[in-house]
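In: Any chance you could fold what I've pasted below:
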Amino acid sequence: MKKYSLILLLNMSLVALAHADNHIDDWTDNQLCGWMQSSAIPKYISDEVGERELYCIDGISSDEEVNVVEVVVELTVVEVEKEVEEEPITSANEDLSFGISAAKQGDFNGAIDYLTASLKKNPNNAVAYYFLGKTFAKLGGYSKALENYKKALELNKRYTEVYNSLGVLYASQGNIRQSIESYSKAISYNKNYVSPYINRGVLHYNQGLYQKALYDFTKVLEIEPNSTQALINRANVYSSIGAKDAVCEDLQRLCLLGNCKSLNNLLETGYCKN
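Out: Residues are numbered from 1 along each chain as shown. Just a heads-up that it's a prediction; the model follows:
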């Protein structure tokens, strides 16, 4: 009899969970925070926690506001620029080299002149189109940047740096869906390219998609274990889902890399322990 009662109780619990989102407004703050301790957090739970602006500590809602780390809201791109392949010296290659150098030095108008001259002599150079697109993007020329990125991809559809730069460009215009698609495309062609993971993770974080952001920043740390940017960003995610111990662990790793400010602040408040 007890066995059947237990099965019935479990089934009733599952039914209640399946329909919980229908009356989630009736849930207490502590009930929501209790779910934030789970390893698999339903989206409607995390959305409601974000909407109520709850701060969860060990599964309990707290009125205490603890600013763990500064939230990263701007895309910080660590773009890996494609090296120009060594070829016999030609005037087109010289213009390309001068153009890339000018762009790196901030001489964007000069860079455009050199890169345009290079493409007139060799119109099939994807690298020149890529740097021309980046230069126009620096100057705020969205449409021209987009045009040149697309030409680079026509010549080299696996040009991962272009997809990453496209993601940045789309994000700057508020086109989040296409931005995420571009970052994902870059990752599909080079799974060890960290910049699109970081950039996509920031977008996921800003949308409240914490599990997806967690995946992206964790992936970066698998590739580059000493990435301070990924540690800071992942600590933000853990803070948002109330994973206190994980926040402190990442900040301890960050401190070992020479950045102890955030950890020391939380040690003083008692949030983290020595």
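In: From now on I want contacts and neighbour counts done on CA atoms only, so please keep to that.
Out: Fine.
In: what about the helices in the stretch 101-250 of the chain?
Out: 108-121, 126-138, 142-155, 160-172, 176-189, 194-206, 210-223, 228-240, 244-256 (DSSP state H, counting those that start in this stretch).
In: right, and these - which one's nearest residue 93?
Out: helix 108-121 (6.8 Å; CA to CA).
In: Show me what counts as buried in that closest one.
Out: Within helix 108-121, the residues scored as buried using 16 or more other CA atoms under 10 Å are 108, 110-119.
In: Pick out whichever of the residues you listed sits closest to residue 174.
Out: residue 108 (24.4 Å).
In: Identify the residues contacting that closest one.
Out: Residue 108 is in contact with 102, 135-136, 138-139, counting by CA atoms under 8 Å, 6 or more residues apart in numbering.
In: Same list (these) but as CSV, adding pLDDT and neighbour count.
Out: As requested, these are exported to CSV (pLDDT from 0 to 100; neighbours: other CA atoms under 10 Å):
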residue, pLDDT, neighbour count
102, 91, 20
135, 94, 27
136, 94, 21
138, 91, 15
139, 93, 12
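In: export the residues you listed to TSV and tack on distance to residue 221?
Out: Converted to TSV, the contacts of residue 108 look like this (distance: CA to CA, whole Å):
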residue	distance to residue 221
102	33
135	30
136	32
138	29
139	33
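In: which residues does residue 102 contact?
Out: Residue 102 makes contacts with 108, 110-111, as judged by CA under 8 Å, 6+ apart.
In: likewise residue 230?
Out: By CA under 8 Å, 6+ apart, the contact set of residue 230 is 198, 217-218, 220-221.
In: Nearest to residue 184, out of the residues you listed: which one, please.
Out: Comparing the contacts of residue 230 against residue 184 with CA to CA places residue 198 closest, at 11.2 Å.
In: what about that closest one, how many residues close to it?
Out: 26 (other CA atoms under 10 Å).
In: Would you check that it makes contact with residue 218?
Out: No. Judged on CA atoms under 8 Å, residue 198 makes no contact with residue 218 at a distance of 9.6 Å.
In: Output stretch 210-228 as PDB - backbone C-alpha positions only.
Out: Output in PDB follows, covering the C-alpha atoms of stretch 210-228 (Å, rounded to 0.1, in the frame of the first residue of the first chain):
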ATOM      1  CA  TYR A 210      21.900  31.500 -18.500                       C
ATOM      2  CA  GLN A 211      22.400  27.800 -19.300                       C
ATOM      3  CA  LYS A 212      23.500  28.600 -22.900                       C
ATOM      4  CA  ALA A 213      25.800  31.400 -21.700                       C
ATOM      5  CA  LEU A 214      27.200  29.000 -19.100                       C
ATOM      6  CA  TYR A 215      28.000  26.500 -21.900                       C
ATOM      7  CA  ASP A 216      29.800  29.100 -24.000                       C
ATOM      8  CA  PHE A 217      32.000  30.400 -21.200                       C
ATOM      9  CA  THR A 218      32.800  26.900 -20.000                       C
ATOM     10  CA  LYS A 219      33.800  25.900 -23.500                       C
ATOM     11  CA  VAL A 220      36.200  28.800 -23.700                       C
ATOM     12  CA  LEU A 221      37.800  27.700 -20.400                       C
ATOM     13  CA  GLU A 222      38.200  24.200 -21.800                       C
ATOM     14  CA  ILE A 223      40.100  25.700 -24.700                       C
ATOM     15  CA  GLU A 224      41.900  28.400 -22.800                       C
ATOM     16  CA  PRO A 225      41.900  27.600 -19.000                       C
ATOM     17  CA  ASN A 226      43.500  30.900 -18.100                       C
ATOM     18  CA  SER A 227      41.000  33.100 -19.900                       C
ATOM     19  CA  THR A 228      40.200  35.900 -17.400                       C
END
